[in-house]
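Trainee: fold the stuff below for me.
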Amino acid sequence: MFRRRKPQVAGDGLVVGSEDAVRGTLAARTVTVAGHVDGTLDVAGALFVLESGRVSGMVRATRFVAEAGAVVRATCRIGVPAASEGDALTADAPARKAVLKLTPRAMQRVAPQGPGGA
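Mentor: All right, here's what the predicted structure looks like:
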């Protein structure tokens, strides 16, 4: 019998493909999201959300990079190391300054155009 469970996935590098949807807890050194993730992301290194990616829930990452068009609706703690065992991502964790970095590809899409749209 098939049972629905919230996955708890851990790994060194994780990729959520453009046609993938994950609901649950993901913990990895690096995560790239091109599909949809709803849940908790605990990333020891960098979280990359591509143009087609959607993230909702809670995020803790050392680095965060989003392309133009990416959708992130989450409580984010950027610059915070990955949680140790038993350390939950909570609202009372110390606040840190976040920096959103657009990739060169994303910046090209929003670059001003000259007269006539060229």
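
Trainee: these two touch, right, Gly39 and Ala27?
Mentor: No. With contacts defined as Cβ atoms under 8 Å, Gly39 does not count as touching Ala27, sitting 10.8 Å away. Glycine gets a C-beta too; all of them are placed from N, C-alpha and C.

Trainee: any idea of the mean pLDDT for the helix or strand Ser56 falls within?
Mentor: Assigned by DSSP states H and E, Ser56 falls within strand 54-66. Across strand 54-66, pLDDT averages out at 94.

Trainee: against which helices or strands is it packed?
Mentor: Strand 54-66 sits against strand 21-33, strand 36-49, strand 71-78, with contacts defined as 3 or more Cβ pairs under 8 Å, 6 or more residues apart in numbering; DSSP states H and E.

Trainee: need the winner for burial among these.
Mentor: The highest mean neighbour count among the helices and strands packed on strand 54-66, using mean count of other Cβ atoms under 10 Å, belongs to strand 36-49: a mean of 21.

Trainee: can you tell me which residues contact Arg63?
Mentor: Gly45, Ala46, Leu47, Ile78 (Cβ atoms under 8 Å, 6 or more residues apart in numbering).

Trainee: let's go with 6 Å and repeat that
Mentor: Counting by Cβ atoms under 6 Å, 6 or more residues apart in numbering, Arg63 makes contact with Ala46.

Trainee: what separation do you get for Ala66 and Asp20?
Mentor: Distance, Ala66 to Asp20, using Cβ to Cβ, to the nearest Å: 18 Å.

Trainee: quick one, which of those two is more surrounded?
Mentor: Taking other Cβ atoms under 10 Å, Ala66 and Asp20 do not tie; Ala66 has more neighbours (21 against 12).
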